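1. pasting a predicted model and its sequence here:
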Amino acid sequence: ALMQPIADIIEEGIANGIFRPLQPQMVITSLIGMMNSFVTHRFLIEQGDITPEVVEHTLDLVLHGIQCGKSENDRDNEL
């Protein structure tokens with residue numbers, strides 16, 4: 001219900017060959033798990049800001065984990 005717009009985006013990406021054929025609900029569950037980790041880190045462990053480096057790493061992991069083809073890191077390692 002609340003996550004349906006995200007599921008629709010994932011399904012559209014799969015249909016257009018942008019994302020790998022993954023189960024949208026499993027992708028959403030993984031995203032929620034990562035967000036929970038941020039909240040836990042921020043409020044319970046460090047009580048500090050989440051660094052841009054952590055945000056960038058997580059976005060890279062998510063986007064390249066569901067994206068078809070090689071990630072930027074894979075292409076960089078081939079050079």
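-> Structure's in. What do you need? Numbering: from 1, shown residues only.

2. in this structure, which helix has the most residues?
-> helix 24-40 (DSSP state H).

3. now do the buried residues in it.
-> For helix 24-40, the neighbour count (16 or more other CB atoms under 10 Å) marks Pro24, Val27, Ile28, Leu31 as buried. No exception for glycine: its C-beta is placed from N, CA and C like everyone else's.

4. just how off-centre is that helix within its chain?
-> In terms of CA atoms, centre = their mean, to the nearest Å, the centre of helix 24-40 is set 8 Å apart from its chain centre.

5. what packs against that helix?
-> Applying 3 or more CB pairs under 8 Å, 6 or more residues apart in numbering; DSSP states H and E, one finds that helix 24-40 contacts helix 4-15, helix 52-66.

6. those: lowest mean pLDDT?
-> Comparing mean pLDDT across these, the weakest is helix 52-66, with a mean of 83.

7. that helix vs helix 4-15, what angle?
-> Interaxial angle, helix 52-66 versus helix 4-15 (axes from the mean of the first three to the mean of the last three CA atoms, to 10 degrees): 60 degrees.

8. will you turn the buried residues of helix 24-40 into CSV that also has distance to Ile6?
-> Converted to CSV, these look like this (distance: CB to CB, whole Å):
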residue, distance to Ile6
Pro24, 8
Val27, 8
Ile28, 6
Leu31, 8
